[in-house]
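**Student:** Sequence isn't available, so here's the structure alone:
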Ligand SMILES: [Fe+2]
Ligand SMILES: [Fe+2]
């Protein structure tokens with residue numbers, strides 16, 4: 001019902017009296033009279049309009065014109081156009097006296113116009129709202145597709161679904177389908193997470209059989225969205241029930257529900273979003289049950305539409321993230337298998353790659369958190385951390401291309417060489433014995449077996465035997481991977497010139513290990529090659545053998561470079577390639593200097609050295625204590641070989657105490 005309000009003296013405004021009109025004398029009175037009423041025709045006096053011109057104009061502009069049709073009255077033959085010019089916000093001017101018929105007509109026209117305008121505004125509103133919804137959905141879609149962490153993605157899906165509908169709480173479920181040969185296993189519905197603005201909570205994941213007994217299960221099985229006004233007042237024939245367990249325990253009151261399926265590109269339901277308690281005021285906290293009745297309203301058909309649209313985008317994002325995760329998992333398994341293959345060839349390094357990865361990633365994450373000092377600007381994305389993890393896991397992969405005899409070499413001579421050498425000395429000793437016996441026999445046969453002669457023969461034999469035994473002992477000792485004393489080294493060096501009479505020369509025997517064929521009839525005690533190996537100054541490897549092992553870095557690079565690392569992991573080969581480089585250029589294989597060595601590689605170098613020191617019982621050297629290992633690292637930093645700033649973080653943050661590292665260190669065999 002439309003109203004007519006006279007603002008001012010009715011006689012001066014209307015020029016007569018009219019029944020059923022409301023009269024007000026002030027602008028404030030006009031506004032009060034309009035309160036709580038629908039649209040109205042306001043007939044205003046000229047003096048009132050003049051007095052409040054500015055305020056009225058602003059008032060109409062700020063929305064009052066949607067429900068007010070403002071008309072001024074002028075004397076018959078008065079200047080209506082002039083009035084409209086003076087008060088441009090007026091909707092119309094009527095001439096006094098205003099007859100009831102004219103008033104009715106004016107009123108009818110006013111409301112027709114206002115209705116038409118209202119409809120237009122509503123359409124405009126709806127159009128704008130839809131535009132805003134689309135833009136929100138678009139933004140959400142972009143956020144969803146950018147999130148690759150599955151748990152964060154699921155959290156985001158639920159959060160955004162709640163945001164666009166004003167839901168106080170919600171839960172998310174995923175459907176776990178068994179494969180066809182699932183050995184009788186049934187499809188399940190896994191409760192993944194819950195959010196609740198009123199009572200922040202963390203509920204543990206759990207799986208239940210996929211059936212229609214619960215509302216989420218019903219939606220997952222049928223694929224039909226369910227909109228429930230009051231969870232406590234389900235119709236008697238409802239195919240599902242809504243558990244009150246959570247409400248009973250927590251004191252929460254679940255009322256309105258909107259439960260929507262998440263469908264993948266094949267239209268299969270892969271999950272369910274369950275929204276709880278749509279609120280009038282989004283900031284309301286529903287701790288008091290009375291507030292639930294006041295605040296909670298049913299979800300609307302627009303909510304249905306919005307959430308369905310959101311969940312379909314969410315399903316695609318989820319599928320993508322899950323696919324990416326499966327690919328990553330597969331790649332991780334492949335990397336694990338590759339690392340196991342390498343470490344099997346070199347048992348002393350068992351578990352080394354995984355431990356180096358833990359230390360390097362731990363160090364990198366610590367550096368990322370630093371907010372002051374020279375490393376404050378070092379920040380890393382999750383992809384960069386992943387890049388370093390792969391580089392660390394695979395840094396020694398090139399060892400697959402290094403012959404096992406070098407990797408496993410425990411002493412200076414290989415086992416076969418040592419056996420040959422022992423047999424040679426046994427033969428030398430036997431030859432000496434044979435020479436001695438032959439000399440004695442000869443003395444007897446020639447009739448000169450005087451005690452002096454026999455004593456001389458025995459002394460000669462004894463001297464030679466003691467010497468040969470001593471040489472044999474020196475050789476055995478020199479074979480240990482320890483430093484050879486200078487005196488022994490001199491003795492070893494003289495042995496290739498010492499000869500013993502051997503078997504007949506055998507033309508079938510090839511020149512082996514520097515043992516010249518022509519010498520077979522009159523062999524040297526040690527070949528030059530044997531002397532070279534036994535004179536190794538440190539460890540068990542000759543310079544040539546060491547080079548062969550060092551070549552693993554280049555092989556690692558060549559191997560990693562063949563893999564098609566995607567953009568964010570593209571530096572894996574380069575980072576691994578530099579793990580044996582030293583800042584002063586004394587490292588290998590390229591002798592890079594500080595500025596050329598990626599910081600990630602320097603982090604790995606510290607972790608690599610530390611693990612190698614504390615974890616490896618080398619054949620020739622026991623692992624060192626953790627304190628010693630740290631002291632060795634400090635020494636390396638002081639000599640400008642490894643990065644002192646990174647080492648400081650490694651030591652101060654006690655990266656080596658990371659539980660995962662310690663566990664693996666203890667478990668090594
Ligand atoms: Fe290495
Ligand atoms: Fe290593």
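**Tutor:** Sure, I can see it. Every value quoted in this text rests on a predicted model; they were computed, and no experiment measured them. Ligands and ions are numbered 1, 2, ... in the order given.
**Student:** residues near the closest residue in space to residue 280 that isn't next to it in sequence, how many?
**Tutor:** Distances taken as C-beta to C-beta, 6 or more residues apart in numbering place residue 295 nearest to residue 280, at 5.4 Å, with adjacent residues excluded. Glycine gets a C-beta too; all of them are placed from N, C-alpha and C. Other residues lying near residue 295 total 19 when counted by other C-beta atoms under 10 Å.
**Student:** Just the pLDDT at residue 386, thanks.
**Tutor:** As summarised for this prediction, residue 386 has a pLDDT of 93.
**Student:** now swap in residue 545 and tell me
**Tutor:** Value for residue 545, per-residue pLDDT: 89.
**Student:** Any figure for the gap between residue 346 and residue 656?
**Tutor:** The gap separating residue 346 from residue 656 is 23 Å, by C-beta to C-beta, to the nearest Å.
**Student:** Enumerate every residue touching residue 37.
**Tutor:** When contacts are counted by C-beta atoms under 8 Å, 6 or more residues apart in numbering, residue 37 touches residue 3.
**Student:** quick one on the thing from earlier: comparing residue 346 and residue 656, which residue is more hemmed in?
**Tutor:** Using other C-beta under 10 Å as the criterion, residue 346 and residue 656 rank with residue 656 on top: 24 against 20.
**Student:** Wasn't the more buried one part of a helix?
**Tutor:** Yes. Under DSSP: H, G, I helix; E, B strand; the rest coil, residue 656 sits within a helix.
**Student:** State whether it and residue 358 are indeed in contact, as I suppose.
**Tutor:** No. Between residue 656 and residue 358 there is no contact, the gap being 9.9 Å when judged by C-beta atoms under 8 Å.
**Student:** Leaving out chain neighbours, which residue sits closest to the residue nearest to the spatial centre of the chain?
**Tutor:** For the chain, residue 382 is the residue whose C-alpha lies nearest the centre (C-alpha atoms, centre = their mean; 5.0 Å). Counting by C-beta to C-beta, 6+ apart, residue 382 lies nearest to residue 149, which is 8.0 Å off, once chain neighbours are set aside.
**Student:** Residue 158 versus the one you found, what's the distance?
**Tutor:** Going from residue 149 to residue 158 by C-beta to C-beta gives 14 Å.
**Student:** These two: which has the busier surroundings?
**Tutor:** Shown here are residue 149 and residue 158; by other C-beta under 10 Å, residue 158 has more neighbours (23 against 13).
**Student:** Wasn't residue 169 part of a helix?
**Tutor:** No. With three-state DSSP as the criterion, residue 169 is located in strand rather than a helix.
**Student:** ok, which residues in the stretch 501-650 of the chain are in contact with ligand 2?
**Tutor:** residue 608 (C-beta under 5 Å from the ion).
**Student:** for the residue of the stretch 501-650 of the chain found nearest ligand 2, helix, strand, or coil?
**Tutor:** Proximity of the stretch 501-650 of the chain to ligand 2 (C-beta to the ion) peaks at residue 608, 4.3 Å away. The three-state label for residue 608, taken from three-state DSSP, comes out as helix.
**Student:** who touches it in this structure?
**Tutor:** The neighbourhood of residue 608, defined by C-beta under 8 Å, 6+ apart, consists of 356, 395, 579-580.
**Student:** Which of those ranks first by neighbour count?
**Tutor:** residue 395 (32 neighbours).
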